[in-house]
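Here is a sequence with its predicted model. Questions after.
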Amino acid sequence: MNSIKNTRIGFLGSINAMPMAYALRFHRDGFDVKYVVDALKNDTLNRPEHQFSREISYPYPPWIIESPVDYRLATHAFAETSYTEAARHMADRDVIFLNHYGLALSNKLPRSAKLIALSSGSDIDVHCNKAAIWPNSFDIRRKWLQPLALALNHIRTHKQRRGLSQATCISYFPQGLNSIGDNIVAEFLHKNKNTKFIPRFDVDFESTGIRFSAKKFQRVRKIIIPVRLNINPSPGSSFEYKGNDLIIEALAMYSKHNPEATFHLTSKGPAKDLSFAQELCRKLGIESRVNWLKPMPLPDLLEEYYSSDICIDQVGSHWMGAIGAYALYSGTPLIANWRPEVFAKEWGSDVPIMQATTAEQIYSHLIACDDPDFRRGLSVKSHDFAKKFLSAEIAYQAFLNFIST
């Protein structure tokens, strides 16, 4: 281990501040780490001081370097120019984790470095997808911009794919969650037989400071639904539907059964989907029972979990995300489509997640959760399950093994 610790680690790209979970773990283990923060100061979702406030404060310590840019398509397409300063900080690194735009910078990085594609999803299944259309660039009111947007998208996709081809390790979701991403990863693994693949489906519970919440288990009063709004699938991907409309329909049914329950939904997502969801709430008569949550620092979001009786993650064709993992670890009973066709082999049959893909199934689980003893037992099982199967330590150990070879 001592010889491995001489390895200098770098991180480029920080969507959702996810890579910081691994950067902190390497830093705790005594590695020389450099992490570039590319998000603007008002971008709380992608800034590490908001997501990891227990260990990181602003101004940053020397090993965390601020080099903010915006995330527009043009910026990404011309990454070598936009992110010149960020790439310069990686000049002395032996291993570099590339997330989001980082893949597009591969030609600016030292040839001797091991490049690890640390995917957060869209950087592979959208940005490396030749057939994908960048949704934010095709406003029908601006049709004259479409040729330029197409050209920029082509440039970005070319550079992202070039970076993926130069990666010596690709870390992406387990096979079966996203067929588009699976096919792209398989394509590059076939071309580069020596490229290592590390599946990853985890959350860094230690850095977030999340805790098990001892609840009172009385009558259900608060249901949190932090899943991102995505009701009409994004162009270029058929795997983004999260079933928010089904959830709202189920809440409307449950509202008649439990007049005391309030529903706390996120407002994060495309404006058209937020408008659709708000109108659906009005149509179904639950508008006054809904509290729309704005994006917030992770510690504030965790407090929402602690005070909630039930959490609902996506029930569509996507997959359970970090919000579901937070619910499990905090002991908040979870309803979600956990994709048993993908995870049952690894997780087994005793999974403490209430499986649902329809409004009727969600409603049935909500009724079952009226029983305090049922929720109490599920709460403890959920916490134990999260520690066993969803800890970031699993992928971290795989990265250590890869670096040592």
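Looks like it arrived, so ask away.

Look up how far residue 90 lies from residue 67.
11 Å (Cβ to Cβ, to the nearest Å). Placement of C-beta: from N, CA and C, glycine included.

intersection of neighbour lists for those two?
residue 36 (Cβ atoms under 8 Å, 6 or more residues apart in numbering).

So these two - more neighbours on which side?
residue 90 (23 against 16; other Cβ atoms under 10 Å).

give the contact list for the more buried one.
Neighbours of residue 90 in contact, by Cβ under 8 Å, 6+ apart: 10, 12, 34, 36, 96, 109, 110, 113.

So the fourth one is in contact with residue 63, correct?
In other words, residue 36. No - assessed by Cβ atoms under 8 Å, residue 36 is found out of contact with residue 63, at 10.5 Å.

which residues of the protein score low on pLDDT?
1-2, 71-80, 82, 132-145, 233-239 (pLDDT under 70).

and the longest helix for it?
Ranked by residue count and defined by DSSP state H, the top helix of the chain is helix 146-166.

all strands for the stretch 201-350 of the chain, in order.
Secondary structure of the stretch 201-350 of the chain by DSSP state E, counting those that start in this stretch: the strands cover 222-225, 262-266, 290-293, 310-312, 334-336.

mind checking how far stretch 268-278 is from the chain centre?
From the chain centre to the centre of stretch 268-278 is a distance of 19 Å (Cα atoms, centre = their mean, to the nearest Å).

Stretch 296-310 too?
On Cα atoms, centre = their mean, the centre of stretch 296-310 falls 17 Å from that of its chain.

can I get the CA coordinates of that stretch in PDB?
Coordinates of each C-alpha in stretch 296-310 appear next as PDB, following Å, rounded to 0.1, in the frame of the first residue of the first chain:
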ATOM      1  CA  MET A 296     -30.800  22.500  -1.800                       C
ATOM      2  CA  PRO A 297     -27.400  21.600  -0.200                       C
ATOM      3  CA  LEU A 298     -27.300  17.900   0.700                       C
ATOM      4  CA  PRO A 299     -27.400  18.400   4.500                       C
ATOM      5  CA  ASP A 300     -30.700  20.200   4.100                       C
ATOM      6  CA  LEU A 301     -32.000  17.500   1.900                       C
ATOM      7  CA  LEU A 302     -31.000  14.800   4.500                       C
ATOM      8  CA  GLU A 303     -33.000  16.700   7.100                       C
ATOM      9  CA  GLU A 304     -36.000  16.300   4.800                       C
ATOM     10  CA  TYR A 305     -35.400  12.500   4.900                       C
ATOM     11  CA  TYR A 306     -35.100  12.400   8.600                       C
ATOM     12  CA  SER A 307     -38.500  14.100   9.100                       C
ATOM     13  CA  SER A 308     -40.300  12.000   6.400                       C
ATOM     14  CA  ASP A 309     -42.200   8.800   6.900                       C
ATOM     15  CA  ILE A 310     -41.900   7.400   3.400                       C
END
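
Next, the buried residues of it.
296, 298, 301, 302, 304, 305, 308, 309, 310 (16 or more other Cβ atoms under 10 Å).
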